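model this:
(2 chains)
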Amino acid sequence: MKTDAELVASTLRGSQDAFRELVVRFERPVYSLVQRMVQNPATAEDLAQEVFFKAYRRLDTYDPQWKFSSWLFKIAHNTTIDHLRRGVPETVPLESEEEDRGSLSAVLADEAGESPHAAAERRDLGRSLERALAHLRPEYRVAVVMFYAQGASYQEICEVTGLPLGTVKTNLHRARKELAQVMTSLGWGPGGAAPPGEAETGNARSS
Amino acid sequence: MRPKPQDALNRWLAAEQLDSSESSESADTADAALRELFEALPLLAPAAGFADRVFARAGLQPVRRDVFASLGLRLVLAASLVALSLGAIWLPPALRALGGLVSLSEVVALGVRGMAEVSHGLVLVLRLGEWLYSLGKALSGLLLAPGALATLATCLLVSGLAFYFLRVHISGERSFRYVDPI
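Take a look at the predicted model:
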């Protein structure tokens, strides 16, 4: 299997197959990051396409001594932040069967052989997590998604966001606290799951 | 089976309640539990065909496969060429053998005979056309006579009136018999 740097080199030599391989390799993590940042599947698809388009056009500026994923995530981060700064109103998606497909809550609920109660609990937890993520500031959100969901290191987050290490650590700590506050206010906690339906009505925007 | 996210969530929130500073052990526990919670969830994925849409957006043509890239196809083509070459060796004797069966004069005679048959058919068609033309001319001459014209006009008038009265009669019958009483 070719490395990312080899695929980049092949793409620069004109191989479209190599670029396709790069897109296929990174479409899920990039889309996942963008989707959790913008909380809207259609916008996430559009922005993810834009990320790869920009990457293709600027591929000659990529320095192989750095990780390709960090370079790509930096483009994804900048593109998403630009979109959020353009004044497009941030929204928390309404839960419906149609919109729920492919979302965190749907993924959580997709457990074969689960009892209806457990499936409902998973769905509620997924929705609550989505809500909690949506309530975070964008710089907190990107740190949480990269660090906890994608397993990125502090250094990678620094490279992507352009923030110093101390700031990244502080952002992560505060983001985690805010997430926990929102989840607790939505009824989740060590005592047990929120009663189904109660989590839906919770209004716990953190300050 | 995926780990249950509920357990990780409970551990994370319990650790957050104990955590008071960034460097505490509870913070590490919270980090680990939250990471575990997210690890229980697969990455979200775009709809199928994402790479194609990226290519379309970038204005890249879909990759065209070289049909001759396949080694098997190349071997088949090479074998076909060899067979064709060997066949060509046997072609001149085969042609000579065919040439011995039919002479040039026979071919010419056959062509001439064919042309004569076609010409004969054309003559028959022309004769039939001429006969039809003369028949039509004779009929038109008869019909253009004043007596015949008067008879034709009378017949047309009578039949027109007959059709008119028939139509009135049928309409009247229908209006009385077939109107729905309700």
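
how deep is A:E45 tucked in, by neighbour count?
17 (other Cβ atoms under 10 Å in any protein chain shown). For the C-beta atoms, the positions are set from N, CA and C on the backbone; glycine is no exception.

Spatially nearest residue to it (excluding sequence neighbours)?
Spatial nearest neighbour of A:E45, chain neighbours left out: B:P46 (5.5 Å); criterion: Cβ to Cβ, 6 or more residues apart in numbering or on different chains.

how close does A:L33 get to A:H117?
32 Å (Cβ to Cβ, to the nearest Å).

Ok, B:Y133 next?
97 Å.

quick one on the thing from earlier: any idea which element the residue nearest to A:E45 lies in?
Under DSSP states H and E, no helix or strand contains B:P46.

And it, its phi and psi?
Backbone torsions of B:P46, given as degrees, to the nearest 10, read phi -70, psi 170.

State which helix of the chain is the longest.
Looking at chain A here, since you left the chain open. helix A:16-38 (DSSP state H).

oops, I was thinking of chain B
helix B:104-143.

could you point out which element follows that one?
helix B:146-177.

That following helix: how far from the chain's middle?
Using Cα atoms, centre = their mean, to the nearest Å, the mean C-alpha position of helix B:146-177 is found 52 Å from that of the whole chain.

for that helix, packing partners?
Applying 3 or more Cβ pairs under 8 Å, 6 or more residues apart in numbering or on different chains; DSSP states H and E, one finds that helix B:146-177 contacts helix B:104-143.

packing partners for the helix it packs on?
So helix B:104-143, by 3+ Cβ pairs under 8 Å, 6+ apart, packs with helix B:146-177.

how many degrees apart are the helix it packs on and helix B:104-143 in direction?
80 degrees (axes from the mean of the first three to the mean of the last three Cα atoms, to 10 degrees).

and helix B:146-177, what's its mean pLDDT?
What helix B:146-177 shows for mean pLDDT is 83.

now do stretch A:130-149
89.

Show me which positions of that stretch end up buried.
A:130-136, A:138-149 (16 or more other Cβ atoms under 10 Å in any protein chain shown).

out of the residues you listed, who's near chain B?
A:F147, A:Y148, A:A149 (Cβ under 8 Å from any Cβ of the partner chain).

Let me have the residues you listed in TSV, extended by secondary structure.
Below are those laid out as TSV (DSSP: H, G, I helix; E, B strand; the rest coil):
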residue	secondary structure
A:F147	helix
A:Y148	helix
A:A149	helix
